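J.: Here is my input; please provide its structure:
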Amino acid sequence: MLALFFTLSEIVSARTLDVRSIAEDANAALAICPQKLWPSFSLDGRAMLLLYDPAQQAWYEPFHSTGTSLPAVVPYSRLPHTITHFGGTFAFVRYRARDTIELLANAFPSEASAIFELAHESFHKFGQGDFLAASTQQRGYVYPEPWNPRYLRHEIGFWLERSVKERAARDLSVASYWYHRYLHDFPNDADSVKSLDRLEGTAEYVGVAASVLASVGCFARTLVYRDAVDNAALHHVKAFNGTFDRDYESYVIGLFASVILADRTSTPWAARIEAGETPAGVLLANIPPASTHDDLQLEIAERHFYDQQNKRNWAIIEPFRAAVSAHDTSIIAIPPSRLSGSFSSGQSFVNFRMDHTIEQILPRALAQFGTSVDLLNQDTAIGPTPCGAAFWFPVANHDIRFIGTRISIQTQSVRVSELHYSTLVGMGRRWLCVKP
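T.: Residues are numbered from 1 along each chain as shown. Model prediction:
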């Protein structure tokens, strides 16, 4: 998942954290008492590899709910060929017969931020299997993007945050007003972000809560723990404040709705989210709305932002479409199963309608697919193709080298090293389908 939401200014590449302390505290939160985070989630029996780059070593330790583990220091030369090869902050690997998360620990400014990332990404991988598999999510911007639903979502997030900060009953009632107005006015938009609210909103909550639980310990009084989670959530979203990026909405709304549910209800709210509801839906559906007035300054700011963003997005879409349609190009399609760990892009995804399907472009994508494919600032689409669901992008034919049933590509932005492929023709184009 695209989940590195500690801002780049917070990343300190030269810092070496105490990886032993991170491992000990992460184990407590994620294996000894993870039910305090999410009832059905635990990393017991899995493992972590905490890389600290200046030493070119990793701390390996299995997660364990009882007894002791047998940690080990592992030189980079003996690690799986993943983030040590390409970069990124995390990857999932099979190591020493265990499902293992690799984390570049010294890429984070604090132990809390490293544990946040461990928990957030591990929850995606191991805690959300049942409801992740059934999800259909739309990330990023839509082209053209209307400002109106984004304004209403902004208001929902603002009032949920204020409810955590002020703990006033009316704040939740006002949040309920914006929530029900949004559902009424923009039901299709609400449906398009539902999965993202569940997946990223709950992972954000688990990450924040885990960073707190690792600090206060499993035996902290509930009130102390809950107050600390409230404060950590408020601090965490400071990186999002003042931005209108629609992707942030799901993180903020889902985080604060989950915090409030954990604070104020004894109902099995987590199970309802697993079954298909959103955090905000579980929280606000039955709270009577309190009518309020529109924020005209926020409306103007939101409208201006999306007018400009639509122009920026078109500047991405048009050259990509031209490259895809060129007669001297082929389309390379790579199955998502080959993706190693995290990927990133120069901005949020851009969704647009092309060939009667919704496509997503990752502008200037950075990604690694095993040891055989690297993307370096390559505009890349994600979506259905004749090859199946795939990451796909156009490449000039003269840059493709065919070696029997394999292809190799070496350009400034794409490296493909002798991968098996098959050729299909669809959507008026030639597709080179990389095999899983």
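
J.: Show me how the record splits this structure into domains.
T.: Annotated domains of the chain cover 8-125, 141-284, 311-434 [automatic domain parsing].

J.: Columns mean neighbour count and mean pLDDT on top of these, output as JSON lines?
T.: Where you see a C-beta, it was placed from the backbone N, CA and C, and this is true even at glycine. Listed next are those as JSON lines, based on neighbours: other C-beta atoms under 10 Å; pLDDT from 0 to 100:
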{"stretch": "domain 8-125", "mean neighbour count": "19", "mean pLDDT": "86"}
{"stretch": "domain 141-284", "mean neighbour count": "20", "mean pLDDT": "95"}
{"stretch": "domain 311-434", "mean neighbour count": "17", "mean pLDDT": "89"}
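
J.: To Ala301, which of the ones you listed lies closest?
T.: For those, the distance to Ala301 is smallest for domain 141-284, at 7.4 Å, taking C-beta to C-beta.

J.: picking that back up, make a markdown table out of the domains of the chain and add distance to Leu298.
T.: As requested, these are exported to a markdown table (distance: least, C-beta to C-beta, whole Å):
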| stretch | distance to Leu298 |
| --- | --- |
| domain 8-125 | 25 |
| domain 141-284 | 6 |
| domain 311-434 | 20 |
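
J.: Compare these and report which one is nearest to Phe305.
T.: It's domain 141-284; of the domains of the chain, that one is closest to Phe305 (C-beta to C-beta) at 4.4 Å.

J.: those helices in the stretch 151-300 of the chain, which residues are they?
T.: Using DSSP state H, counting those that start in this stretch, the helices of the stretch 151-300 of the chain run over 169-185, 187-216, 222-236, 246-264, 269-274, 279-284, 296-325.

J.: Same list, those, but as CSV with distance to Gln378 please.
T.: As requested, those are exported to CSV (distance: least, C-beta to C-beta, whole Å):
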stretch, distance to Gln378
helix 169-185, 35
helix 187-216, 24
helix 222-236, 31
helix 246-264, 20
helix 269-274, 35
helix 279-284, 34
helix 296-325, 10
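
J.: Ala301 reaches Asp295, doesn't it?
T.: No. Here Ala301 lies out of contact with Asp295, judged by C-beta atoms under 8 Å, at a distance of 9.2 Å.

J.: Adjacent strands (with direction) for the one helix or strand Asp374 maps to?
T.: Secondary-structure assignment from DSSP states H and E places Asp374 in strand 373-383. Strands that pair with strand 373-383, judged by DSSP bridges, come out as strand 357-369 (antiparallel), strand 390-396 (antiparallel), strand 414-426 (antiparallel).

J.: could you dump these to a markdown table with distance to Asp189?
T.: Output for those, formatted as a markdown table (distance: least, C-beta to C-beta, whole Å):
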| stretch | distance to Asp189 |
| --- | --- |
| strand 357-369 | 14 |
| strand 390-396 | 26 |
| strand 414-426 | 30 |
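
J.: out of the ones you listed, nearest to Leu49?
T.: strand 357-369 (16.4 Å).

J.: Please name whichever of the domains of the chain is nearest to Ala290.
T.: Nearest to Ala290, of all the domains of the chain, is domain 141-284, at 3.5 Å by C-beta to C-beta.

J.: quick one on the thing from earlier: nearest to Pro54, of the helices of the stretch 151-300 of the chain?
T.: Evaluated over the helices of the stretch 151-300 of the chain, closeness to Pro54 peaks at helix 187-216, with 23.2 Å, by C-beta to C-beta.

J.: From the chain's centroid, how far away is that closest one?
T.: 10 Å (C-alpha atoms, centre = their mean, to the nearest Å).

J.: Could you name the helices and strands sitting against that helix?
T.: Where contact means 3 or more C-beta pairs under 8 Å, 6 or more residues apart in numbering; DSSP states H and E, helix 187-216 is packed against helix 19-27, helix 111-122, helix 129-133, helix 169-185, helix 222-236, helix 246-264, helix 269-274, helix 279-284.

J.: what do you get if the cut-off is 7 Å, keeping everything else the same?
T.: Secondary-structure packing of helix 187-216 (3 or more C-beta pairs under 7 Å, 6 or more residues apart in numbering; DSSP states H and E): helix 111-122, helix 222-236, helix 246-264, helix 279-284.
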